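Novice: Build the 3D model from these lines:
(2 chains)
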Protein chains: 2
Amino acid sequence: MNEYIGMVEKSLKKYNSHSNATEPQKNLIDAMNYSLEAGGKRIRPVLVYAFCEALGGNAETAAAPAAAIEMIHTFSLIHDDLPAMDNDDFRRGKPSCHKAFGEAMAILAGDALSVLPFEVIADDTQLNADQKVMIISLLSRAVGKSGMIGGQVIDMENEEKTDITVADLENMYRRKTGELISVSCVMGCICAGVFDPDILCNAADYGFKLGLAFQVIDDILDVTSTTEELGKPVGSDAEENKTTYVTLFGVEKSREIADGLTNEAMKCLEVINDNTFLKQLTEMLLNRKN
Amino acid sequence: MNEYIGMVEKSLKKYNSHSNATEPQKNLIDAMNYSLEAGGKRIRPVLVYAFCEALGGNAETAAAPAAAIEMIHTFSLIHDDLPAMDNDDFRRGKPSCHKAFGEAMAILAGDALSVLPFEVIADDTQLNADQKVMIISLLSRAVGKSGMIGGQVIDMENEEKTDITVADLENMYRRKTGELISVSCVMGCICAGVFDPDILCNAADYGFKLGLAFQVIDDILDVTSTTEELGKPVGSDAEENKTTYVTLFGVEKSREIADGLTNEAMKCLEVINDNTFLKQLTEMLLNRKN
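Specialist: So this is what the prediction gives:
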């Protein structure tokens, strides 16, 4: 895990360096790096690497898509935090991008991080043209109007509703966070040169199950954890009157649902021979305290 | 010209339709279409088509990159108009996207239009994988931190300066508008299957000269035109104390500069045999009244 995280940090630095940047662009690159370096769990890029290696690929081949998915995730966090969106002044204990660099620069830093991933993949020297096109197709779809961004719209419009069903909630989570996690797994397979539909489908499914389990656990931790343990204020869902798995099912049943999803995710991994690390990773993510 | 514009309108509709969209996403797609349909001169996609056909390519091959470049241009306009950026309530006589759909939806509509172009190109059935990868590489670079978005940062930071030189101004225009116009011409060549560096360089150069001439003429029209002729308030540059070609050189000398750039742009077209339409288009754009 730490080895993969080290690779992510290294390639994010490489792909967004200051070389040749004039003064005003330096500020843009600083704003992009500020948020890229804020850390987080790096789950998405780790999944790209892990699926690639589990299928016999060389980790180096996964470097560009791994960096790309973390850039996309960071772009979404920067824009999510904006005053017109969630209006969050802090992100992972640090002032959010617009607090540190101003709102206009944060909008532009997010914008630049939404297109840089495609440049990084297109210019990569490890993947062939067919792999690049397939990865770009899947990635842009996972991000776009029917994927993550569509999910943000659903989340936003749910705020005004009072009768949200479990299907609504699942649909929102599936798009808002599931799509990026799922495409990370699939991109890892493609990096390894694996195009077998059975493996790709199971990898995609694994990502959706893991992503949903992850969200259910987020909902639980918001109620059961402490601010110290979680590293962010607890109880924010209740404060904002949000519908969550916990408001729909209670803590105990939600934990059962998360366990069920974890088991289903584990089953998807059976199509992969060398699945030891992926199983450990799954276990770790779902027993987390923050 | 009108034939090309018709093709642009048709493919923009095709690539951003409502099929399969659930209710909340419908609002997102409506916001995207609202701004896509606001029109404008469609110069960038017309250049993609025109370069493709001038080099013997089939216009159909240019459809995806042509739609893509107009989506990118529209995304930049939506985000440019936001309160935190230029704070413009109107765009082409209609309420700007955030006025019509709210600020959060406008941010997300811009975001969705920043990634959809890569999906449209990756999924196209006319271009081969090598053409797609080359187009995505050039396009993402033209949009990103060293291209259009970098230019917006320079423009923003110039606002606080009083000692802007002609080199500063040219650098800002080159990035903010030149890059997208230039890459439109180059993408057209690639769609035609032309990879001859001499032709690609001249096409890129033509785009930069045309783009800069276009900006110089914008600066002139802001002083010499009327609000009726221009379709937007004149005198806004002076009101905002902006440094322009007119404030640096006066109207007469600026017109000479624009004519000089036009001649240089025309010279770049000499490498293309069938350049009649491109020459007419250049002439038309530079003798415009709005």
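Novice: which intervals of chain A have sub-threshold pLDDT?
Specialist: Counting by pLDDT under 70, chain A contains low-confidence residues at A:19-23, A:231, A:290.
Novice: can you map out the strands along it?
Specialist: Secondary structure of chain A, counting by DSSP state E: strands at A:90-91, A:94-95.
Novice: Please identify the deepest-packed of the ones you listed.
Specialist: For those, the largest average neighbour count (mean count of other C-beta atoms under 10 Å in any protein chain shown) is found in strand A:90-91, namely a mean of 16. C-beta: built from backbone N, CA, C; applies to glycine.
Novice: and it, what other elements does it pack with?
Specialist: For strand A:90-91, the contact count by 3 or more C-beta pairs under 8 Å, 6 or more residues apart in numbering or on different chains; DSSP states H and E identifies no helix or strand as a packing neighbour.
Novice: Give the partner strands of that strand in its sheet and their orientations.
Specialist: Each strand pairing with strand A:90-91, determined using DSSP bridges, is listed with its direction: strand A:94-95 (antiparallel).
Novice: these two touch, right, A:Asn16 and A:Val120?
Specialist: No. Taking contact to mean C-beta atoms under 8 Å, the distance of 9.1 Å between A:Asn16 and A:Val120 leaves them out of contact.
Novice: quick one: common contacting residues for the two?
Specialist: Overlap between the contact sets of A:Asn16 and A:Val120, as judged by C-beta atoms under 8 Å, 6 or more residues apart in numbering or on different chains, is given by A:Met71.
Novice: hmm, back to that, which one of the strands of chain A lies nearest to A:Phe75?
Specialist: Evaluated over the strands of chain A, closeness to A:Phe75 peaks at strand A:90-91, with 12.9 Å, by C-beta to C-beta.
Novice: So what touches that closest one?
Specialist: When contacts are taken as C-beta under 8 Å, 6+ apart, the neighbours of strand A:90-91 outside the stretch itself are A:35, A:38, A:77, A:81, A:96-97, A:99, A:232.
Novice: Return stretch A:120-127 as CSV; C-alpha atoms alone will do.
Specialist: Presented in CSV, the C-alpha positions along stretch A:120-127 are these (Å, rounded to 0.1, in the frame of the first residue of the first chain):
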residue,chain,number,x,y,z
VAL,A,120,-1.1,12.8,-19.3
ILE,A,121,-2.7,9.6,-20.7
ALA,A,122,-2.4,10.7,-24.4
ASP,A,123,1.3,11.5,-24.0
ASP,A,124,2.2,8.4,-22.0
THR,A,125,5.0,6.3,-23.4
GLN,A,126,4.0,3.0,-21.8
LEU,A,127,0.5,2.4,-23.2
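Novice: Give me the contacts around it.
Specialist: Judged by C-beta under 8 Å, 6+ apart, the contacts made with stretch A:120-127 from elsewhere in the structure are A:15, A:58, A:60-61, A:63-65, A:67-68, A:71, A:132, A:135-136, A:139, A:191, B:133-134, B:136-137, B:140.
Novice: again with stretch A:234-244
Specialist: Residues from elsewhere that reach stretch A:234-244 (C-beta under 8 Å, 6+ apart): A:158-159, A:164, A:168-169, A:219, A:221-223, A:225-227, A:246-247.
Novice: Please identify the buried residues of it?
Specialist: By neighbour count, and taking 16 or more other C-beta atoms under 10 Å in any protein chain shown as the criterion, the buried residues in stretch A:234-244 are A:234, A:237, A:242-244.
Novice: These: which two are farthest apart?
Specialist: In terms of C-beta to C-beta, these reach their longest pairwise distance at A:Val234 and A:Thr243, which sit 17.4 Å apart.
Novice: give me the number of residues near the nearest residue to A:Ser137 once chain neighbours are set aside?
Specialist: Counting by C-beta to C-beta, 6 or more residues apart in numbering or on different chains, the nearest residue to A:Ser137 once its immediate chain neighbours are dropped is B:Ala122, at 3.8 Å. Residues near B:Ala122, counting by other C-beta atoms under 10 Å in any protein chain shown, number 26.
Novice: Next: A:Gly39.
Specialist: Neighbours of A:Gly39 using other C-beta under 10 Å come to 12.
Novice: Leaving out the residues flanking it, which one is nearest to it?
Specialist: By the measure of C-beta to C-beta, 6+ apart, the closest residue to A:Gly39 outside its immediate chain neighbours is A:Arg92, 6.2 Å from it.
Novice: residues in contact with A:Tyr4?
Specialist: Contact criterion C-beta under 8 Å, 6+ apart gives A:42, A:45-46, A:49-50, A:59 as the residues in contact with A:Tyr4.
Novice: about what we covered before: now, which of the buried residues of stretch A:234-244 sits nearest chain B?
Specialist: For these, the minimum distance to chain B (C-beta to the nearest C-beta) is 14.6 Å, reached by A:Thr243.
Novice: Now the closest one, what are its backbone angles?
Specialist: The phi and psi torsions at A:Thr243 (degrees, to the nearest 10) take the values phi -80, psi 130.
Novice: separation between it and A:Leu169?
Specialist: A:Thr243 sits 6 Å away from A:Leu169 when distances are taken as C-beta to C-beta, to the nearest Å.
Novice: Now do the shared contacts for those two.
Specialist: The contact lists of A:Thr243 and A:Leu169 share A:Asn158, where a contact means C-beta under 8 Å, 6+ apart.
Novice: follow-up on the earlier one: could the strands of chain A go into CSV alongside distance to A:Ile154?
Specialist: As requested, these are exported to CSV (distance: least, C-beta to C-beta, whole Å):
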stretch, distance to A:Ile154
strand A:90-91, 22
strand A:94-95, 28
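Novice: how about those strands, which one is nearest B:Glu9?
Specialist: In terms of C-beta to C-beta, the element of these nearest to B:Glu9 is strand A:90-91, at 40.6 Å.
Novice: that older thread, just the buried ones among the contacts of stretch A:120-127, please.
Specialist: Members of these that pass the buried threshold by neighbour count (16+ other C-beta under 10 Å) are listed as A:15, A:61, A:63-65, A:67-68, A:71, A:132, A:135-136, A:139, A:191, B:133-134, B:136-137, B:140.
Novice: hmm, back to that, ok, and which of the contacts of stretch A:234-244 reach chain B?
Specialist: When C-beta under 8 Å from any C-beta of the partner chain is taken as the criterion, the members of the contacts of stretch A:234-244 that contact chain B are A:Asn158.
Novice: Cool, thanks, talk later.
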